[in-house]
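Engineer: Build me a model from this:
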Amino acid sequence: MASAPKRLHSFSAIAAIAVLQYAAPAAAQWLNYPNPGIPRTADGKPNLSAATPRMADGKPDLSGVWIHQRGQNQPPRNEVGQPGTIFDFMPPGSQISYQPWAEALYKERAKGLGAGRPTEHCLPHGVPDAMLYGGPMKIVQTPSLMIILFEELSHFRQVYTDGRGAPQTVLPAWYGYSSGKWAEDALVVETTGFSEQSWLDDSGLPHTDAMRAIETFRRRDVGHMDVKITIDDPKAFTKPFSVDVSFNLAPNLDLLESLCENEKDVAHIGK
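Structural biologist: Okay, here's the model as predicted:
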């Protein structure tokens, strides 16, 4: 087994390559395209402090292309752009209380710098990591369904707001099964039915099939949205914990296809 310094060096080199690969499609997005429907000032600039847009039924419209902001505990990224973890987005002073087996597994994964994570094999980041990692996401909202499109890896989630709730019989899914309901101007999304294969973040936080995620979406105005994500998994943690994620609207770009079709990391990580 490689020593820790050598493993860290290998991970850094791979991360640097990944950043360069990801930066290429980002530069090819529809930049400087004035997306319709976004209020603008007299000089044509997006008015990101304008009032929250609303659907025909009066509910806030969360639609748009969004980019998450730095976590409140997140240190400056290093030169290779290593992404943050769940811990970067937790409220100051809060902690994760593990079941013993989950803590041991997390420490083992973290010691290996997350080697073996699903994304090495082009598998999804999962919840909540898909909203903490990578590039922009696009929300498309209708009265009965909200779709979240992730540019990275071209994955998606469906949040049903038609009152159906979680299915009775669940085939485990990487993003689980999501249903949402409105609490005044906040959309509260409950997700269950997760596959145990996913990780909570790329550093190695595990979960079980008992996991339940509660996400509360609040759009403050045209350009800003806050999401609180609470993880409740009594098999892995002794009590729930939450992360707070803020997003800024990207008013002048749209998503491009981003496939994981040339995966070469896994042969090098950990060596």
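Engineer: Wait, a strand at Arg109?
Structural biologist: No - counting by DSSP: H, G, I helix; E, B strand; the rest coil, Arg109 is not found in a strand; it is helix.
Engineer: Could you pull up the residues touching it?
Structural biologist: Taking CB atoms under 8 Å, 6 or more residues apart in numbering as the criterion, Arg109 is in contact with 115-117, 199, 203-204, 206. (Glycine included, C-beta is placed from N, CA and C.)
Engineer: 10 Å instead, please
Structural biologist: 115-117, 199, 202-206 (CB atoms under 10 Å, 6 or more residues apart in numbering).
Engineer: from these, which would you call buried?
Structural biologist: 115, 117, 199, 202-206 (16 or more other CB atoms under 10 Å).
Engineer: Out of the residues you listed, which is nearest to Gly176?
Structural biologist: Trp199 (13.6 Å; CB to CB).
Engineer: Gly180 against Thr142, yeah?
Structural biologist: No - Gly180 lies out of contact with Thr142 (CB atoms under 10 Å); the separation is 11.9 Å.
Engineer: okay, and the common contacts of the two?
Structural biologist: In contact with both Gly180 and Thr142: 161-162, using CB under 10 Å, 6+ apart.
Engineer: now the strands for this protein?
Structural biologist: Ranges of strands within the chain are 64-68, 137-141, 145-150, 155-160, 177-183, 186-192, 212-221, 224-232, 241-249, based on DSSP state E.
Engineer: Go through the fourth one and flag the buried ones.
Structural biologist: Residues of strand 155-160 classed as buried under the neighbour-count rule (16+ other CB under 10 Å) are 155, 157, 159-160.
Engineer: what's the answer for stretch 95-110, then?
Structural biologist: Quick answer for stretch 95-110 (16+ other CB under 10 Å): 96, 98-99, 102, 105-106, 109.
Engineer: Tell me which residue of this protein is furthest from the middle?
Structural biologist: Within the chain, the residue lying farthest from the chain centre (CA atoms, centre = their mean) is Ala42, at 34.6 Å.
Engineer: Tally up the residues packed near Ile214, please.
Structural biologist: 15 (other CB atoms under 10 Å).
Engineer: got TSV for the contacts of Arg109, with distance to Val245 and pLDDT too?
Structural biologist: Shown next, in TSV, are the contacts of Arg109 (distance: CB to CB, whole Å; pLDDT from 0 to 100):
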residue	distance to Val245	pLDDT
Ala115	26	84
Gly116	25	85
Arg117	20	87
Trp199	17	94
Asp202	16	86
Ser203	16	86
Gly204	20	91
Leu205	16	94
Pro206	21	95
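Engineer: got the residue ranges for the helices in this structure?
Structural biologist: 4-27, 100-111 (DSSP state H).
Engineer: returning to what we had before: with neighbour numbers in mind, choose between Gly180 and Thr142.
Structural biologist: Per other CB under 10 Å, whichever of Gly180 and Thr142 has more neighbours is Gly180, with 21 against 12.
Engineer: burial measure for the nearest residue to that one once chain neighbours are set aside, as a count.
Structural biologist: In this structure, Gly180 finds its nearest non-sequential neighbour in Val189, 4.2 Å apart by CB to CB, 6 or more residues apart in numbering. By other CB under 10 Å, 23 other residues sit near Val189.
Engineer: Over to Asp244?
Structural biologist: 15.
Engineer: same check, this time on Ala183
Structural biologist: Neighbours around Ala183, by other CB under 10 Å: 10.
Engineer: How about the contacts made by it?
Structural biologist: 216, 218.
Engineer: before we move on, what about Asp185?
Structural biologist: 52, 54, 58-60, 217-220.
Engineer: now stretch 228-240, how far from the chain's geometric center?
Structural biologist: Offset of stretch 228-240 from its chain centre (CA atoms, centre = their mean, to the nearest Å): 17 Å.
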